[in-house]
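[1] Predicted model follows, preceded by the sequence.
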Amino acid sequence: MMRAAVVPRYSIMEVADFPVPTIKREGDLLVRMHRASICGSDVHTLFDGLLNPDRLGRPGYPGHEGVGEVVDSRSPEFPIGTRLLTVPTGAIGGCFAEYQLISQTRVVPLPTDGDMERLLMAQQYGTTLYAMRTFWPGDGSTGISTGTAAVIGAGSAGLFFLQQLKQLGFDNVVVSDLNAQRLEVARLQGADVVLDAETGSLPEATLDLTDGQGADLVIEAAGYDSCRADAITAVRPFGTVGYFGLPERFGTAEFPMYEAFRKAVRIQWAGKTQEEPGLTSFRDAIRHIQEGRIDVEYCLGSVFGIEELPQAMEIAREHGNGAVKLSIDLADAHVQKELRAPS
């Protein structure tokens, strides 16, 4: 048996015993999980009604950021003992469990000398790397540049976007968030302007910084309709808005269509990194972290056991109480089980 998180119904997460999965198809792998992390989309999924009804009651859902080691394999590409980043889609999940049954098409090998806790962050960073390449292909310019970008949300995704924007050479990057601790991390990561979203206006700050023109690129990484509307107001005419945050609900939502039309804004949605041929962005993310080209240190340190996962999800709902990223130590679950086993 294994311990795994389970969502029996909307807004409820529990931890329960499940049979260890067994491989039944060629190309599948059984991975003994070492660690997982909570994504902002997991919070929206659990608490905001975006559940996949087919996954209710399934072990490990909705976790989709994980690292572990192959313990059974029907794939010659990934033999037993291979260390992996597991990247199932959020609609399927499976990472919040001691063992994960996963297809060889949803994993990326890790270097044998890599730190698994740090390389776990390649899942989130990889999605932002893929998104940035669609938001800002080439030099990204569509007119006279103001040299300014803005990021709405300073969670792990928003901070990875910030690092990339600085590397791309933007003169000014504005970052907004509701949490002062995360904004301090943004400042340390090079944000030129940090803004408390509760008391300040990102559109006003961005327009003030650019003499009323607006930002060349605005990235929404918080997942709220009001933030998506702010992005349209903050961007310059002919500028680009990148939408990364998960929608608030299924179906339609209000949107400032007229303002976007009058500005001739280029709007690009992010998603489907797991469908990229060769999972290139995840592979690049692993390499960037291994080489020290991207900082993940601020994502480490806030770690929970699997039995604490429901509590951790509640903390994530409250913006991590200032922590940028919350991780789940699944290796400890294996140890505890061995200690409890009868002699």
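    Okay, I see it. The shown structure was predicted, so the numbers you read here are calculated from the model rather than taken from an experiment. Numbering: from 1, shown residues only.
[2] use CA for all of it now, contacts and neighbours both
    Noted.
[3] Helices of the stretch 51-200 of the chain, residue ranges please.
    In the stretch 51-200 of the chain, the segments counted as helices under DSSP state H, counting those that start in this stretch are 116-119, 122-135, 156-168, 180-188.
[4] show me where pLDDT drops low in the stretch 101-250 of the chain?
    139-144 (pLDDT under 70).
[5] what ranges do the strands span in the stretch 51-200 of the chain?
    Assigned by DSSP state E, counting those that start in this stretch, the strands in the stretch 51-200 of the chain fall at 66-73, 83-86, 99-103, 107-109, 148-152, 172-177, 193-196.
[6] how about the ones you listed, which one is nearest F238?
    Judged by CA to CA, the one of the strands of the stretch 51-200 of the chain that comes nearest to F238 is strand 148-152, at 13.6 Å.
[7] What sits closest to the spatially most central residue of the chain if chain neighbours are left out?
    In the chain, the centroid-proximal residue (CA atoms, centre = their mean) is Q124; its distance is 3.8 Å. Residue nearest to Q124 in three dimensions, not counting chain neighbours: A157, with 6.5 Å by CA to CA, 6 or more residues apart in numbering.
[8] Same check on E248?
    Y224 (5.9 Å).
[9] OK, contacts around the one you found?
    For Y224, the contacting residues are G245, L246, P247, E248, by CA atoms under 8 Å, 6 or more residues apart in numbering.
[10] Assign a three-state SS to the second one, would you?
    Three states are possible here, and by DSSP: H, G, I helix; E, B strand; the rest coil the one that applies to L246 is coil.
[11] My read is that it contacts C227, right?
    No: contact criterion CA atoms under 8 Å: L246 and C227 do not qualify, at 11.4 Å.
[12] Burial check on the residue nearest to Q124, number of neighbours?
    By the criterion of other CA atoms under 10 Å, A157 has 25 neighbours.
[13] That one and E308, how far apart?
    A157 sits 23 Å away from E308, going by CA to CA, to the nearest Å.
[14] And I12, by the same measure?
    I12 sits 13 Å away from E308, going by CA to CA.
[15] Among these two, which residue is more densely surrounded?
    More crowded of I12 and E308, by other CA under 10 Å: E308, with 15 against 12.
[16] how about the more buried one, phi and psi?
    phi -90, psi 10 (degrees, to the nearest 10).
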